[in-house]
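> give me coordinates for this.
(one chain, ligands or ions: 1)
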Amino acid sequence: MRTREIVVVGGGIVSLAIALELRQQGAAVTVLCRDFAQAATHAAAGMLAPQAERIPSSPMLDLCLKSRALYPDWTRKLESLSGLNSGYWSCGILSPAYETPHPLPLAPQWLDRAQIHRHQPNLSAEVTGGWWFPEDGQVDNRDLARALWVAVQELGVEVQTGITVEAIVPHHDRVAHLQTSAGDWQANHYIVATGAWSQSLLPIPVWPRKGQILSLQVPRERCDRTGLPLETVLFGSEIYIVPRRDGRIVIGATSEDVGFTPGNTLWGKETLLRAAVRLYPDLQHFPVAEFWWGFRPATADELPILGTSPYQNLTLATGHYRNGILLAPITGALIADFVLHQTADPFLEAFCWSRFKLAGG
Ligand code: GLY
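Here you go, the predicted model:
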């Protein structure tokens, strides 16, 4: 039996963000990761989009806005610890609409037809207006994942890869140990941050919602000649288009209830390509670079599960659904404070797992 102070189960951005914060506060932390490459972290587009996602006024919106505000300092810290670029870009998000809402929005973010086409040339002629959210942005989630992976290990977090946690073995209201593919592990405290795979360990309502996604690569000569064709994220009603600084353009995503069925389908590819070209017709001229897919961790109310669990010495940080990349910094801070100082933050009450139990879920 291997014994540790704190074991974090999960190999995605949320588990690494928690490990980083715990370690910075002096805890000895081990991360058990089955397959770093499989985490939803790598599949995402990396939008930091609480406003473009139209999250209604709620604790969730507050949580997302708080996390977005942490991003500049958090990514600077990761870059300095790892020596790697995180791909954070406060580029703003433009949300074009094909139909003008009635009554006309009074919000200062609303742009009418003339304003939006001036703001972003080469949009589809079908666009009749839209919203501009200058404080939303993006991070290159793959760069971020690499930087975070290196940063936690630079700080002294022990990362064990290729280990599958097979069962949580309880004793009364505590976890006694974890049964894994590499023997049993024991800790003073456990954190489960296993995203879409959480139900394999605990009876909590988190399941996979598949997203198919693709990228284009703008040819280098074109970028050298005229600059990047897009320098802001487009968040349309059918599609989002996320330009990277290196000329890639990420386009996503489908939303499918198909369990863990892998692969890109013809339907998925065609749906994404058609919707992308409809919104920004110039995209049809750029070569396709890659297709991939991932599994968002969905919950019944599409909100995360943070904090207490059925066990005294186990904390939950899962179910981030469409917002795992955005919520990583705030989740790391909240969960570390809760585990180390028992800080009863109102956010942890709002996102407690027992809301499902009380609702009979
Ligand atoms: N965050 C965007 C998505 O999940 O598709």
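
> where does the chain have its least confident helix or strand?
The helix or strand with the lowest mean pLDDT-type score in the chain, counting by mean pLDDT, DSSP states H and E, is helix 354-358 (a mean of 80).

> list the buried residues for that one?
With burial defined by 16 or more other CB atoms under 10 Å, the residues of helix 354-358 counted as buried are Arg355, Phe356. C-beta here means a position set from N, CA and C on the backbone, and glycine is covered the same way.

> roughly how far apart are Phe351 and Thr308?
10 Å (CB to CB, to the nearest Å).

> okay, these two: which has more neighbours?
Set side by side, Phe351 and Thr308 give different neighbour counts by other CB atoms under 10 Å, the larger being at Phe351 (25 against 17).

> what sits against the more buried one?
Pro59, Leu63, Leu303, Pro304, Ile305, Leu306, Gly307 (CB atoms under 8 Å, 6 or more residues apart in numbering).

> the residues you listed in helices, which ones?
With helices identified by DSSP state H, the entries of the contacts of Phe351 that belong to them are Pro59, Leu63.

> list buried members of the contacts of Phe351 by neighbour count.
Leu63, Leu303, Pro304, Ile305, Leu306, Gly307.

> in strands only, show me those residues.
Cross-referencing the buried ones among the contacts of Phe351 with the strands (criterion: DSSP state E) gives Ile305, Leu306, Gly307 as the overlap.

> name the nearest of these relative to the ligand.
Lowest distance from the ligand to these (CB to the nearest ligand atom) belongs to Ile305, with 17.0 Å.

> not counting residues beside it along the chain, what's closest to that closest one?
Closest residue to Ile305 in three dimensions, ignoring its sequence neighbours and counting by CB to CB, 6 or more residues apart in numbering: Gly319, at 4.3 Å.

> which residues are in contact with that neighbour?
Taking CB under 8 Å, 6+ apart, one finds Ser198, Ile204, Val206, Pro297, Ala298, Thr299, Leu303, Pro304, Ile305 in contact with Gly319.

> residues contacting the second one?
Residues near Ile204 by CB under 8 Å, 6+ apart: Ser198, Ile305, Ser309, Leu316, Thr318, Gly319, Trp353, Phe356.

> dihedrals phi and psi, the residue nearest to Ile305?
Summarising the backbone geometry of Gly319 under the convention degrees, to the nearest 10, its torsions are phi 70, psi 30.

> and the residue in the stretch 151-300 of the chain positioned nearest to the ligand, what does it touch?
Sorted by distance to the ligand under CB to the nearest ligand atom, the residues of the stretch 151-300 of the chain start with Ala253, at 3.9 Å. Counting by CB under 8 Å, 6+ apart, Ala253 touches Ala45, Gly211, Gln212, Ile213, Tyr240, Leu272.
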